[in-house]
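Student: I would like to see how this sequence folds:
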Amino acid sequence: MNHCLAIDIGGTFIKYGLIDQTGLIMEQGKEKTPPTIEEFWQTLESIISSYQDSVSGLAIACPGNIDTQNDSVKTGGLIPYLRNIPLGQRLMETFALPVEVLNDADAAGLAEAKTGTLKNCHCGAVLVLGTGVGLALVSDGQLVNLAQLPGKDFFHGPLATVEVKETSKPLQDLGQILGLHWRGIKSLVANSGSAVQFIRQASHQLALEQEDGKEVFHQLESGQDSLLQESFTNYCKEIAYLIVNLCLLLQLETLAIGGGISQQERLIEGINQAFDEIVATEQLNLQLQPNFKIQACRYQNEANLLGAFYHFQETV
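Tutor: The predicted model follows:
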């Protein structure tokens, strides 16, 4: 019984997958993320109960600030009730299984660093577009934090000598510590890079009965709605500005876009186009690495599950 149950806690859905020891996702499903902490525990424990006799451990990806030493959630990102939650301890006591908890963006980054688009990459990043925006930095198959970066020649110019204390790794922290310019900070504060927010606004604009990402991109492909195209172009520009800011600071070789929306080739094309336009039109001292590229995560919507699994394998 070497299977692991990986769980990806998101602002919209709680996704889960049964993964064998080779990293193959054998089956998966999802439940709507509940509005209260009481319903959250009920949903989570119901999912685990259905697999309890089939797995040897639980690997969890969760948004926000995670204490990986104690497998607890200090803050749950855009899920307000996840604050100071002893997630790992409660699940270990309830199910008598080992539990490992990792930040969701870090999980995506680890999956891509191990066997995805960032494999063999010395300086790479994953930007996860979901309910919010998450960032993971990786080097040579492993996650790296800000305190580790200077020694790895990640920074440009004078920033290479900056002293950074151990810290959590949300994109906001990088901005506060290193001074991303105003456009990037403004975008983060407004959560303008949220894929969920874009799909919600676009669905409303199209007068759809419910939020429907596939229909939004179908309409974009048709090219018949100029206002929708304008909204999409602006969304891609917001993401491109975040990437430009990162490239001003870090010697990135590859930037991978994660989250379910990364499955849309049009999105990757739109972000690349917006990035090229910003670089061409604004006076920036942008020292891009040779062959720098922006591409989709290999594992897209499954990256968080796989990354949580890899973290479990390394830690337990």
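Student: Would you mind splitting the protein into its domains for me?
Tutor: Following automatic domain parsing, the chain resolves into domains at 4-107+303-315, 118-297.
Student: Now do the end-to-end distance for the last one.
Tutor: Taking CA to CA, to the nearest Å, the first and last residues of domain 118-297 lie 8 Å apart.
Student: Could you do stretch 295-305 as well?
Tutor: The first and last residues of stretch 295-305 sit 20 Å apart, counting by CA to CA.
Student: Show me what that stretch is in contact with.
Tutor: Stretch 295-305 is contacted from outside by 6-8, 10, 15-17, 19, 25, 28, 59, 61, 104, 107-108, 111-112, 115-117, 126, 128, 254-260, 262-263, 265, 268, 306, using CB atoms under 8 Å, 6 or more residues apart in numbering. Yep, even glycine has a C-beta here, placed from its N, CA and C like the rest.
Student: Could you tell me which of these are located in strands?
Tutor: 6-8, 15-17, 19, 25, 28, 59, 61, 126, 128, 254-258 (DSSP state E).
Student: I figured residue 28 hits residue 13, correct?
Tutor: No - contact between residue 28 and residue 13 fails when scored by CB atoms under 8 Å: they sit 11.2 Å apart.
Student: on that earlier part again, narrow the contacts of stretch 295-305 to those that are buried.
Tutor: Buried members of the contacts of stretch 295-305, counted by 16 or more other CB atoms under 10 Å: 6-8, 10, 15-17, 19, 25, 59, 61, 104, 107-108, 111-112, 116-117, 126, 128, 254-260, 262, 268, 306.
Student: Which parts of the stretch 201-316 of the chain are strands?
Tutor: 254-258, 293-296 (DSSP state E, counting those that start in this stretch).
Student: What strands flank the shortest one, and is each parallel or antiparallel?
Tutor: What it means is strand 293-296. Strand 293-296 sits in its sheet next to strand 254-258 (parallel), going by DSSP bridges.
Student: What's the mean pLDDT across the partner strand?
Tutor: On average, the pLDDT along strand 254-258 is 96.
Student: Give me the contact list for it.
Tutor: For strand 254-258, contacts defined as CB under 8 Å, 6+ apart pick out 105, 108, 112, 116-118, 121, 124-129, 134, 239, 243, 246-247, 267-268, 271, 292-300, 303-304.
Student: Put the alpha carbons of the helix or strand that contains residue 42 into CSV.
Tutor: Per DSSP states H and E: residue 42 is located in helix 37-49. Backbone C-alpha positions of helix 37-49 (Å, rounded to 0.1, in the frame of the first residue of the first chain) are rendered in CSV as follows:
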residue,chain,number,x,y,z
ILE,A,37,-14.3,26.2,8.5
GLU,A,38,-16.8,23.7,9.9
GLU,A,39,-17.8,22.7,6.4
PHE,A,40,-14.2,22.7,5.3
TRP,A,41,-13.3,20.1,7.9
GLN,A,42,-16.3,18.0,7.0
THR,A,43,-15.5,18.1,3.3
LEU,A,44,-11.8,17.4,3.8
GLU,A,45,-12.4,14.5,6.2
SER,A,46,-15.0,13.0,3.9
ILE,A,47,-12.6,12.9,1.0
ILE,A,48,-9.9,11.3,3.1
SER,A,49,-12.2,8.8,4.7
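Student: Could you tell me which residues within that helix count as buried?
Tutor: Across helix 37-49, burial judged by 16+ other CB under 10 Å covers 40, 41, 43, 44, 47, 48.
Student: Turn the residues you listed into a markdown table, including distance to residue 54.
Tutor: Converted to a markdown table, these look like this (distance: CB to CB, whole Å):
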| residue | distance to residue 54 |
| --- | --- |
| 40 | 23 |
| 41 | 21 |
| 43 | 19 |
| 44 | 17 |
| 47 | 12 |
| 48 | 11 |
